[in-house]
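Undergrad: Next come a sequence and a model predicted from it.
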Amino acid sequence: MTPFKKIVICGVGLIGGSFALALKKSGFKGKILGLERSPDILERAHALGIVDEPGLSLEETLRDADLIVLSVPVAQTGNALKMILPYWHDGLIVSDTGSTKTDVVAMARDVLGEKIAQFIPAHPIAGSEMNGPEAAVDDLFVGKKAVIAALPENSRADVERLADVWERCGAIIHHLTPENHDTVFGTVSHMPHLLAYGLVDYVANHPKSDLFFQYAASGFRDFTRIAGSSPEMWRDITLANRKQLLVELDAYLKEIELIRDLVDKADGCGLEKIYTNAQEARMNWLNAIENPEKKKMN
């Protein structure tokens, strides 16, 4: 498999920066360059060893790149593709790291037209509430899933090359359609972020906010950790997956209404049944991700 010689990462924050550091740790011999809205961010990324050369022109950065990874807020995907379109060439592969896929694919088709075959949607399932190049680490993707949501137009060889580069970062490759991706992550990723942001906003706006925060401890901290993530990024993700999120929020509201009714009726047996089912489901999930080989054997 032909290795990439020049990779350009558009957005060298947590995900893009960690991708670069992981590749360098794996022994990648090519050049890694970055694109950022702020020259200061690129300078910081260079100082941290994320990118090889800062301060190059757009033309110099993109010239002869054979892989471009868009690690930008999903709403900026279309603009990022328009920016690199004048430097497009045969053999180039462009991918992304966005948390939604159907909207990204729609933007890519609109901008790229027949060149869509060279765009391979992807999403590494890893992250942190921290932002910026200083948050990047070289082991962020080790043992984590990286979903490739390949399009019918993508060649098998290009998909395999992209999978190989993520595997070099330590990721485990999974394949989903863009539609299935957004259904799955709307439930297990996007909605939890909405709930965490909503709870913290509720407490912050409460008349007894200061008192509540004074006594908030580990349970509140653990539940709301992801509310420390980038508001800009999660605003875009929420709107991008709006249709699926509305379905999931409506279903979750019914669950909350059920629990409220049980509390109102002081129905301890009903509450315990829900709590027990949730506890067992969570334990089974944790056992499955901590012992994947055991699950395969069963």
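TA: Right, received. Where do you want to start?
Undergrad: low-confidence ranges in the chain?
TA: Scanning the chain for pLDDT under 70 picks out 1, 292-298.
Undergrad: Break down it into its strands, ranges please.
TA: Taking DSSP state E to define them, one finds strands in the chain at 6-10, 31-35, 67-70, 93-96, 119-120, 122-124, 145-148, 172-175.
Undergrad: got those strands as TSV, with distance to Asn241 columns?
TA: Quick note: C-beta positions are derived from backbone N, CA and C, even for glycine. Listed next are the strands of the chain as TSV, based on distance: least, C-beta to C-beta, whole Å:
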stretch	distance to Asn241
strand 6-10	21
strand 31-35	25
strand 67-70	18
strand 93-96	15
strand 119-120	19
strand 122-124	12
strand 145-148	14
strand 172-175	18
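Undergrad: Of those strands, which is nearest Gly16?
TA: Proximity to Gly16, assessed across these by C-beta to C-beta, is greatest for strand 6-10 (4.3 Å).
Undergrad: Can you give the distance of that closest one from its chain's centre?
TA: 18 Å (C-alpha atoms, centre = their mean, to the nearest Å).
Undergrad: Quick one: list the elements packing against it.
TA: Packing contacts for strand 6-10, counted by 3 or more C-beta pairs under 8 Å, 6 or more residues apart in numbering; DSSP states H and E, involve helix 14-25, strand 31-35, strand 67-70.
Undergrad: Name the residues of stretch 24-40 that are buried.
TA: Within stretch 24-40, the residues that count as buried by 16 or more other C-beta atoms under 10 Å are Lys24, Phe28, Ile32, Leu33, Gly34, Leu35, Glu36.
Undergrad: Now the two most distant members of these.
TA: Phe28 and Glu36 (20.3 Å).
Undergrad: Straight-line length of stretch 175-189, end to end?
TA: End-to-end span of stretch 175-189 (C-alpha to C-alpha, to the nearest Å): 17 Å.
Undergrad: swap in stretch 32-44?
TA: 15 Å.
Undergrad: give the contact list for Phe4.
TA: Shown in contact with Phe4 (C-beta atoms under 8 Å, 6 or more residues apart in numbering): Phe28, Gly30, Asp66, Leu67, Arg161, Val165.
Undergrad: one step back: can I get the buried residues of stretch 24-40 in TSV with distance to Lys265?
TA: Shown next, in TSV, are the buried residues of stretch 24-40 (distance: C-beta to C-beta, whole Å):
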residue	distance to Lys265
Lys24	59
Phe28	61
Ile32	60
Leu33	62
Gly34	58
Leu35	58
Glu36	56
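Undergrad: Tell me the one among those nearest to Leu81.
TA: Leu35 (12.3 Å).
Undergrad: Who does the closest one form a beta bridge with?
TA: Here Leu35 sits in beta bridges with Cys10, going by DSSP bridges.
Undergrad: hang on, isn't it packed against Ile9?
TA: Yes - taking contacts as C-beta atoms under 8 Å, Leu35 lies within contact range of Ile9: 7.2 Å.
Undergrad: How about the residue positioned nearest the centre of the chain, nearest residue that isn't a chain neighbour?
TA: The centroid of the chain falls nearest to Ser99 when counting by C-alpha atoms, centre = their mean (4.2 Å). Leaving aside its sequence neighbours, Ser99 sits nearest to Ile237 (C-beta to C-beta, 6 or more residues apart in numbering; 4.9 Å).
Undergrad: related to what we said a few turns ago, from the buried residues of stretch 24-40, which single one is nearest Leu195?
TA: Glu36 (31.4 Å).
Undergrad: Could you tell me which residues make contact with Ile172?
TA: Gly143, Lys144, Lys145, Ala146.
Undergrad: Kindly recompute the last result at 6 Å.
TA: Neighbour list for Ile172: Lys145 [criterion: C-beta atoms under 6 Å, 6 or more residues apart in numbering].
Undergrad: Show me where this protein has its helices.
TA: According to DSSP state H, the chain carries its helices in the segments 14-25, 39-47, 58-62, 77-84, 102-112, 156-168, 178-185, 191-205, 209-215, 218-224, 231-240, 242-264, 268-290, 292-297.
Undergrad: out of those helices, nearest to Ala126?
TA: Closest of the helices of the chain to Ala126 is helix 14-25, at 7.7 Å (criterion: C-beta to C-beta).
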